[in-house]
Structure formats: C-alpha cells, structure tokens
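Engineer: Structure, please.
(one chain, ligands or ions: 1)
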Amino acid sequence: MFTILMGILLLNPLNSFSQDSTKSNTLEMNKKDSIESKIDSLISIMTLKEKIGQLVLYNGSWDVTGPPSDVGNKEKFEKLKNGGVGAMLNVTSVAGTKELQSAVMKHSRLKIPLLFGYDVIHGYKTIFPIPLGESASWDLEAIKKSSAIAAKEATASGINWTFAPMVDISRDARWGRIMEGAGEDPFLGAKIAVARIQGFQGDDLADNTSLAACAKHFAAYGFAEGGRDYNTVSIGEYELHNTILPPFKAAAKAGVATMMSAFNEVDGIPATGHKELQRDILKDAWNWDGFIVSDWASISEMIFHGYAEDKIHAAERAIIAGNDMDMEGRAYEAGLEKLVKEGKVDEKLIDDAARRILKIKYDLGLFDDPYRYSDETREKNEIYTKENLEASRDVARKSIVLLKNDKDILPLKKDVKSIAVIGPLANDKDTPIGSWRAMATANSAVSLLEGIKTAVNKSVKISHAQGVALGTGERNFIKELAINREDTKGITEAVNIAKNAEVVILAIGEEAFQSGEGRSQVGIELTIPQQKLFEAVWEVNKNIVVVLMNGRPLAITNIAEKAPGIVETWHLGSESGNAIADVLFGDYNPSGKLPVSFPRDVGQIPIYYNAKNTGRPSNAEGLVFWSHYTDEKNEALFPFGHGLSYTTFQYKSLKISAPSFSSGGEITVSVTVTNTGKRKGKEVVQLYIRDLIGSLTRPIKELKGFELIELEPGKSKTVSFIINEETIQFYTADKKWEAEQGDFKVFVGGSSITELGVGFSFNK
Ligand code: NOJ
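Structural biologist: Numbers count the residues shown, from 1 in each chain. Next comes the predicted model:
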C-alpha cells in the first residue's frame, strides 16, 4: 500500500505546474498547496523513528570541517539504509552522492531522498574572493553572480545545500571567522546576505543549478568575547535586534531555505537551545518556514555549556527551542524517541521539524528525481571552466580596496624599467584561495608574481625574493603558525633586489589558514619577520607598493605611515594574481570600499564606525576626562566605507526635498557627484543617518543606503535616496521596530567619515 501511495506522490511532478507563466501567482500557491498535501500524506505514514531520521545530519568524511565523529562509516551507512538519516554533509562528487542516495532509494522503506550539504562559502572549485573581501565590492550583482556560479559548480557535483552565507556581524578582527562574513554593518550585511541567497538559490530551488542556502549562525556568533571562536556572547536585547538580527531577518524575508544555529551562548542560553531566538522570533514573529540545522554537535555541546545533563536532555532543550536538525550531535537519535514516549516532548514538534525538512526536499525537486544533482556530464563540463575563472577575476578586482596612494604611485606603468616583487606572498599560489576553500586544488591560484609577469611589457626587468617565510599552507589543523617565526635570513636578498629596482611591490599579510574557523588570534599585526622585511626594504627603496593579502583587518599603522601605496587584496581566489595586476597596472580602476574598520591597534577592538557617542565624546575642556585612549587615537586607521580610486570624486549640492516628513510620507536626499580626475571610475555613494535623540541612544552614524555609480572624467551624476519611515526605524525602548518622532541628520559621501550633512525631522 505504501508503494502505491509513494507512486501517487511521485506521479505528480511539480514541473507540470510551471508551464503557464501568465498565472504564476496562482501557480505558486497551487504548488505550495500541492507540496503541503504531499507532506501531509507522507508524514501520516511515517513512524516516529522515520520522522526522527529526517532530523539527523551525518558527516561523510570527504572533507573535515569539525571534530571527528564517534560513529564509524559502516554504522552510518546502515542507519542511512534504514531511513535513520535525513541529510549528509561533506560528501562530494556525483559518484559519492549517488552511492549514498541510491542506498536510501534502494533500501529504506519510504525512499525519502537525502540532502547533501557542504560549506560552499566562496566557490566550489573555482574560488572567488573570501566573503569579507567580496563584500568590499559593494557590488550586489557581482556578489549574486559569484554565488550563482558556486551553486552551479556545486550542484554539478552532487551537492544541493550550502552552509552559506554566514551573515554574522563582527567587529572583532581577532575572530578568525570575520573573513567569512560581510563585515561590521547590519545594513550592508543584510543587502549582501540577500544577494548571496539569491545567487545560491536562484529564482527557483527546483532548478537543478540552485542550492538551498543556509544563513548562519543564529545568532550573535560574531560577538564572541575577546574574539575567541566559540566563546561566550553577552549582548543586550537592543543590540541583538538592532545589530545582529537584521541580516537574518532579511535572509528570512528573501526566502532562505535554512538557517544554522550558533555554537555560542547568548546571555546565558546556548543559541541552539534558545527558544526565544529560534521559535519565538525566527519561526513565529518572522513567520519563516524553512528549517534550522544545529551547528556541528552544538546540541550535544550544550552539555559542556552546562545547560544539559546529557544528550537526551540536550535533545529535549533543542527541539523545544525550535532547532530542527541535529548536525553530528547524536542527540536527536539518542533522545527524541524516548522523550516523546515519556511525554516530555510533544510529537507535534517532531512532526513540525520533519515537515520543514521535507518541504525543502520537495522544493529542491528531490522527490521528482533524487538524482537530479548527480549528472556526470555536468560534473565534467561545468566546473572550473574558463568562463567561471573569468567571472572570478572580475569579482576579485572589484573587491580590491586602494587604501593609500600618495603622489599617485599607482597605477604603475607597464613599461617601468624594473620591478622587485618581494614578500612571502608574492609567489604564493595557495594563500589567495583562502580559508573555506571547498574543492579547490591546493596551489591553484594565479600568484601575484605570475599576474605581474603576464601584465607588464616584455622589456620590464622583474626580480623576485621571498624575504621571509610565512606559514605552512597546510589545509587543516595547523598546529604551529608562522607568527613571529624568526626566519629573517632572506631579507638580505630582498634588500639587494629592492635597491636596484625602480619600484618595489611587497606582498605581505596572512596565510590562508590564519583566518577561518577556530583561527582566532590575540594579535592582528603582521608577523615580526614581515615587519622587519618591510623596514629593511623601505630603507633602501621608498618607491614601494604594499599588497596586503589577509582574512581579517590588520593593524598596520607603521606601514600605513610610510608606504606611499597600499592595496588591500584579501584572499582573492583562483585569479588573484591577475586581478591584482589589473589594478596595479591600471587595467582596472579600483572601486572597493572597506566593509569593516581597520584598527590602528588591537587594543581598539571592538572598533566600528556606527558606535555610540558616549556621555564624554570630546576633550573640549582640554582635560583627560573624556572617552579616549591615552596612548592611541580613537579613530580607525582606515574607516568603514573607505577606498580610493585612480580618479577623484567631488560631492556637492546636497539637497533635501523637504525639511520634514510625516507617517507614510517620504523625502528625497540628492547629491551631485563629479568625477574630477582624469580617468573613468566607479564610486560607492554612501548615505548615513544620525537619529539625534531617541528612546534609546542611537549610533553616531548608520549606513542607510548606497549606490555604485560609474563616471567618465569631468562628468557628474545626481544620486538620490529616499528617506521614509523604514529608513529611520529601529528596535526601540518599546521593544518593537518603529520610527520615532524627532530630528535627524543625513550624511552623504564616499566613506563613513563624511561630514557632508543636512538635517530633517520626522513627525508621527
Ligand atoms: C562548523 C561551522 O561553524 C559551520 O559554519 C559549518 O557549516 C559546519 N561546521 C559544517 O562544516
């Protein structure tokens, strides 16, 4: 009887609904109803054990992204055949995913297809810039495109679910995972989250080039105390709503298929067991219908948090809190059946979790064809293509930020007499691939030296010296990092070639696995050998361009004072060297802007532009009693939104359409931007507001809009932004999102330190 029922379920392919495009809304609703009724039928015939099976996510060891499991592969395979597993992670390739899917389809009673999840963070095999770097492009279309390409490659290799985007706001460069997010700002973070989700998920999850996305880590993971990964988070309710949650809310609104709970506790409650966050806010208040997966063993880790006695207790807390799927925690399989039987957990909660998971499987079209992501031809033809590499180069150059360019040292001429390309990262083909590199081949990036050689005229004399060593470049579990390794023997050679060169390009920074999960640091300076290398080279040649490659903001105050040219290139991915050369030699005019503040010193952390004013913001009295450090400035070395171009932009004629607006109304702010230089260039026009008095204190500036424009030399453009209630809303002292009556200031400019402003007011 069950086979017949499954037959009926499968005989109704969703594809048949999508043929008539003119009735798309009705069809969408029909499709939804149809999925709902299929889920109803399926749930009604599932045993409790089978439903719990859907809530289990096992690791498949093709890649290592967490502590090794205590269950062997053979045992996992048996469970999977018996319907005891709903999804796998870290299984890649068509062959691998097919093998497991067919075990389920052949042996399990209900033949419910598996999800295959993987950390496709910034590319699958063609690697794009690390997410923090790509965020510096402020180019939502480019970001969407890179996620779409990553999805295309991953789905060609059996994957149907990515654990991305990470949408955690972070203001702490010590935290290794700052590389994986969009930086410090909730507004920019929300926009980028949506672009990434749209790229991964495409227009329709049922398209076999779309991946189900996963917004993570819910919530506040980026606020780990001291920047130490997995550490405690204590933030207030208002900060949670105003700073942490906006990107998640935007992700929910954009229809992200899944979210991942976080390892950390939030004010005493582990996020994975946090009912208010998961059930009350995300599922109820936001009415989001995807499913929540735990992070790796984060359910059973509630035992270590001191929030659960054992796995059974942890399972109880997590399922009640609204966490639907257990990643590698073994808690749901250990506890849920018992808990339901003892009446401690209502079976309805299990049903709800299973329904949410089944829905995504239906949305992905897996019930129509469980092998739809297992296409050898696609795997052969659609991965690491020339076209994808070109796209990677394009996003990479858009992500580069020109931090400093004194006396227009850049762009360099392609016919300079000689260039000394120096530094541990100058000819490194691995570091630019960065952390979270999915299926990238080690050492497969175009190195900077290679990129430079291709870009310049044949007549240019290029010399190269590494100078000092950097880390090992090993993929995982680096025990000993290169920090402060006193290996400075090569400096002499570097100095020699620097002396004789017209210009020095010095590539320094961090190796690939210095940032990423579990890679927190107490310091954010360059290693001592690299600092020595800079000083020695600087002594003999002042014509020096520093190319930084790094996964986090670095405190490079000394270098910033001396070097005339500094280019921030992050870890740019497969085409790194070509993209950097495009910028260094002027084939691309840099347009990136920092999505995160660069501190002058680690002691300033957390540092972010949208801070509060405090009660003592200035030293008007000339005394010591104001909010400051006595040994360093308050300001960032390079602020949020900063980034230069080879041309210059002038902002003038800031106008506001009316001095005030009321509920339901709006005003327009406009500014004229002129390219006052000699080259065509792009500029990110940024709009900030300040709410002068609120029911809660408000940040001194908050990004509320931006537009990426391109201008020919001498040309101007008037850029307009609409300000309405939504622009000025925040989570107020009344514990709701609303606009408060009062006076505001609006600022427009090319970085967060712009002072070009005008006032307006809002009346309720
Ligand atoms: C732990 C990480 O925190 C999470 O982001 C990742 O998706 C999982 N491991 C799976 O690799």
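Engineer: If we ignore the residues flanking it in sequence, what's nearest I556?
Structural biologist: Counting by C-beta to C-beta, 6 or more residues apart in numbering, the nearest residue to I556 once its immediate chain neighbours are dropped is L526, at 6.4 Å. For glycine as for every other residue, the C-beta is placed from the backbone atoms N, C-alpha and C.
Engineer: wait, what's in contact with the one you found?
Structural biologist: With contacts defined as C-beta atoms under 8 Å, 6 or more residues apart in numbering, L526 is in contact with 508-509, 534, 554, 556, 559.
Engineer: Recalculate using a threshold of 7 Å.
Structural biologist: Neighbouring residues of L526 by C-beta atoms under 7 Å, 6 or more residues apart in numbering: 508, 554, 556.
Engineer: Identify, from the residues you listed, the entry nearest to the ligand.
Structural biologist: Nearest to the ligand, judged by C-beta to the nearest ligand atom, of the contacts of L526 is L554 at 23.4 Å.
Engineer: Next, find the distance separating the closest residue to the closest one other than its chain neighbours from the ligand.
Structural biologist: Nearest non-adjacent residue to L554, counting by C-beta to C-beta, 6+ apart: I524, 5.5 Å away. Distance, I524 to the ligand, by C-beta to the nearest ligand atom, to the nearest Å: 21 Å.
Engineer: What sits closest to P370 if chain neighbours are left out?
Structural biologist: P113 (3.7 Å).
Engineer: any idea whether that neighbour is helix, strand or coil?
Structural biologist: coil (DSSP: H, G, I helix; E, B strand; the rest coil).
Engineer: What residues does this protein have near the ligand?
Structural biologist: Contacts of the chain with the ligand, taken as C-beta under 6 Å from any ligand atom, map to 65-66, 89, 119, 163, 216, 295-296, 517.
Engineer: Got a PyMOL select line for the buried ones in these?
Structural biologist: Per 16 or more other C-beta atoms under 10 Å, the buried members of those correspond to this PyMOL selection:
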select buried, resi 66+89+119+163+216+295+296+517
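Engineer: Out of the residues of the chain next to the ligand, list just those in helices.
Structural biologist: Among these, no residue falls in helices (DSSP state H).
Engineer: Make sure G705 is indeed in a strand.
Structural biologist: Yes - G705: assigned to a strand according to three-state DSSP.
Engineer: which residues does it contact?
Structural biologist: G705 neighbours (C-beta under 7 Å, 6+ apart): 687, 721.
Engineer: from the contacts of L526, which ones fall inside strands?
Structural biologist: I508 (DSSP state E).
Engineer: Generate JSON lines for the contacts of L526, with neighbour count and pLDDT as supplementary columns.
Structural biologist: Below are those laid out as JSON lines (neighbours: other C-beta atoms under 10 Å; pLDDT from 0 to 100):
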{"residue": "I508", "neighbour count": "27", "pLDDT": "97"}
{"residue": "L554", "neighbour count": "23", "pLDDT": "97"}
{"residue": "I556", "neighbour count": "28", "pLDDT": "98"}
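Engineer: now the strands for the stretch 651-764 of the chain?
Structural biologist: 660-662, 666-675, 681-691, 702-711, 716-724, 730-731, 737-738, 742-749, 757-763 (DSSP state E, counting those that start in this stretch).
Engineer: what's the angle between the longest one and strand 716-724?
Structural biologist: This points to strand 681-691. Orientation of strand 681-691 against strand 716-724 (axes from the mean of the first three to the mean of the last three C-alpha atoms, to 10 degrees) gives an angle of 30 degrees.
Engineer: name the helices or strands packed onto strand 681-691?
Structural biologist: strand 666-675, strand 702-711, helix 725-728, strand 742-749 (3 or more C-beta pairs under 7 Å, 6 or more residues apart in numbering; DSSP states H and E).
Engineer: hmm, try it at 10 Å
Structural biologist: Packing contacts for strand 681-691, counted by 3 or more C-beta pairs under 10 Å, 6 or more residues apart in numbering; DSSP states H and E, involve helix 186-201, strand 649-656, strand 666-675, strand 702-711, strand 716-724, helix 725-728, strand 742-749, strand 757-763.
Engineer: Just name the most buried of those.
Structural biologist: Neighbour counts (mean count of other C-beta atoms under 10 Å) averaged over each of the helices and strands packed on strand 681-691 peak at helix 186-201, with a mean of 25.
Engineer: who does that helix touch, helix- and strand-wise?
Structural biologist: Using 3+ C-beta pairs under 10 Å, 6+ apart: helix 186-201 touches helix 131-135, helix 140-155, strand 161-162, strand 214-218, helix 245-253, strand 681-691, strand 702-711.
Engineer: what's the angle between the last one and strand 681-691?
Structural biologist: So the one you mean is strand 702-711. Angle between the axes of strand 702-711 and strand 681-691 is 160 degrees (criterion: the same axes, to 10 degrees).
Engineer: The longest one now?
Structural biologist: Note on geometry: by the same axes, to 10 degrees, helix 140-155 and strand 681-691 are set 100 degrees apart in direction.
Engineer: Can you list the helices and strands that helix 140-155 packs against?
Structural biologist: strand 115-118, helix 131-135, strand 161-162, helix 186-201, helix 376-381, helix 386-399, strand 702-711.
Engineer: Now mean pLDDT too, for these, in JSON lines please.
Structural biologist: Formatted as JSON lines, the helices and strands packed on helix 140-155 follow (pLDDT from 0 to 100):
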{"stretch": "strand 115-118", "mean pLDDT": "98"}
{"stretch": "helix 131-135", "mean pLDDT": "98"}
{"stretch": "strand 161-162", "mean pLDDT": "98"}
{"stretch": "helix 186-201", "mean pLDDT": "98"}
{"stretch": "helix 376-381", "mean pLDDT": "97"}
{"stretch": "helix 386-399", "mean pLDDT": "98"}
{"stretch": "strand 702-711", "mean pLDDT": "98"}
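Engineer: Tell me which residue in the stretch 351-500 of the chain sits closest to the ligand.
Structural biologist: W436 (8.6 Å).
Engineer: For F513, see how far away that residue is.
Structural biologist: The gap separating W436 from F513 is 10 Å, by C-beta to C-beta, to the nearest Å.
Engineer: where do the contact lists of those two overlap?
Structural biologist: Counting by C-beta atoms under 10 Å, 6 or more residues apart in numbering, the residues touching both W436 and F513 are G551.
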